[in-house]
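# pasted the sequence and its predicted model underneath.
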Amino acid sequence: MSTARPQADREATGPFAAADAFFRACMGSHAPDADERPVDPLIGRMQIGRTLLGLGGAVWLVLAYPLSSGREEFVLGKIAELGMACAVLLAGSVLGIAAFLAAGTPERRRAFARRLSGPLVCVLALALGPALFWLSLSTVKGDLVGEVELVDFYSSLLGRGILCSVLSFLTLVVGCLLAVAVLIVSVPYTIVTAYVCVSSCFRASDVHQLLPALLSPLLVWSLFAFQLFNGPDVAAPPEVLYTFLLGGPLSVTALSIWEVRRLRTHYGITLRSALGR
């Protein structure tokens, strides 16, 4: 039984592993010690296989049947699902981590508290995207600083004159160009960061290895209810559509149960031992 520190765990699997590794490098690593996060390549392979199978099924469904709405509505719907996933996992991670802190022994509470920086930085990284989008959009629209404010500012430093007008104009142009660049970058940044947050369960495994396995079913069943409420994306027969919709939640739930069982039987990691009871 190996207890070395893993090179690729839940956060570094899937089709966006390179982006995930980049964000983890920027955010830092505050994971548990090796005895609480053992190397298990089989768990990683099972997670990658389920992800690829789900992506393949989604692509086949979209190609085999016409969209229920236009392409723009389809893309916006997927972005809305990603936002929903972030909201569900953020709430679930907060409740799950709070439950671990409340139920653990004093020594375990201190250990969990030291690991909170990873999830907190993950939340801040996700919040940075919408903040930059709002700031750059407000700058482009002139809601933050306008020509009158710039003229008054330079006038207070240089006095009224042609130089003041030129500097105000140049500042507006340069600021607008920078704001447009930030506006363009903030959209893909937010989407990629949201995916990394969802795939890592807001780095809840930094607190304990069991948390992602316990939170994943909450996410997929919430998205299942969200998809039922919003209606299907494609005009597929009911038996095909609901088989596909149920396949994701059932497979993720089964994989989470198997992962919890494997951690218990192969490495002795249980909820009771996690809490120090």
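Arrived safely, thanks for sending.
# can you give me the buried ones in stretch 188-195?
Across stretch 188-195, burial judged by 16 or more other Cβ atoms under 10 Å covers 189-190, 192-195. Heads up, the C-betas are built off the backbone N, CA and C, glycines and all.
# cool, and stretch 80-98?
For stretch 80-98, the neighbour count (16+ other Cβ under 10 Å) marks 81-82, 84-86, 88-90, 92-93, 96-97 as buried.
# again, but for stretch 259-268
With burial defined by 16+ other Cβ under 10 Å, the residues of stretch 259-268 counted as buried are 259-260, 262-263, 267.
# and Val221, how many neighbours?
One thing to correct before we go on: residue 221 is Trp, not Val. By the criterion of other Cβ atoms under 10 Å, Trp221 has 16 neighbours.
# how about Val196?
Residues lying near Val196 (other Cβ under 10 Å) number 24.
# which element is it on?
Element membership for Val196 (DSSP states H and E) is helix 162-199.
# just give me how far that helix sits from the chain centre.
Put simply, helix 162-199 sits 22 Å off its chain's centre (Cα atoms, centre = their mean, to the nearest Å).
# same check on stretch 134-144?
Going by Cα atoms, centre = their mean, the spacing between the C-alpha centre of stretch 134-144 and its chain's C-alpha centre is 26 Å.
# picking that back up, from the buried residues of stretch 80-98, which ones fall inside strands?
Using DSSP state E, no member of the buried residues of stretch 80-98 falls in strands.
# just put those residues in a markdown table and tack on distance to Ala58 and pLDDT.
Output for those, formatted as a markdown table (distance: Cβ to Cβ, whole Å; pLDDT from 0 to 100):
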| residue | distance to Ala58 | pLDDT |
| --- | --- | --- |
| Glu81 | 11 | 81 |
| Leu82 | 13 | 81 |
| Met84 | 16 | 82 |
| Ala85 | 14 | 83 |
| Cys86 | 19 | 86 |
| Val88 | 19 | 86 |
| Leu89 | 19 | 83 |
| Leu90 | 24 | 86 |
| Gly92 | 23 | 85 |
| Ser93 | 25 | 84 |
| Gly96 | 27 | 84 |
| Ile97 | 30 | 85 |
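# ok, Ala204 - contacts?
By Cβ atoms under 8 Å, 6 or more residues apart in numbering, the contact set of Ala204 is 93, 96-97, 119, 211-212, 215.
# quick check on it: phi, psi?
phi -60, psi -30 (degrees, to the nearest 10).
# give me the element the closest residue to it other than its chain neighbours is part of.
The shortest distance from Ala204 to any non-neighbouring residue, by Cβ to Cβ, 6 or more residues apart in numbering, is to Leu211 (3.9 Å). Using DSSP H and E, Leu211 sits in helix 210-230.
# tilt between that helix and helix 162-199?
100 degrees (axes from the mean of the first three to the mean of the last three Cα atoms, to 10 degrees).
# packing partners for helix 210-230?
Judged by 3 or more Cβ pairs under 8 Å, 6 or more residues apart in numbering; DSSP states H and E, helix 210-230 is in contact with helix 71-103, helix 238-267.
# and the ones you listed, which one's lowest on average pLDDT?
Ranked by mean pLDDT, those bottom out at helix 71-103, with a mean of 82.
# work out the gap between that one and the centre of the chain.
Its chain's C-alpha centre and that of helix 71-103 lie 8 Å apart, by Cα atoms, centre = their mean.
# pLDDT score assigned to Ser186?
On the pLDDT scale, Ser186 is placed at 92.
# ignore what I typed, I meant Arg5.
Note for Arg5: predicted pLDDT of 35.
# from here on, call the first residue 56.
Noted, 56 is the first residue going forward, which turns the last one into Arg60.
# hmm, back to that, these two touch, right, the residue nearest to Ala259 and Cys256?
Yes: applying Cβ atoms under 8 Å, one finds Leu266 in contact with Cys256, separated by 6.7 Å.
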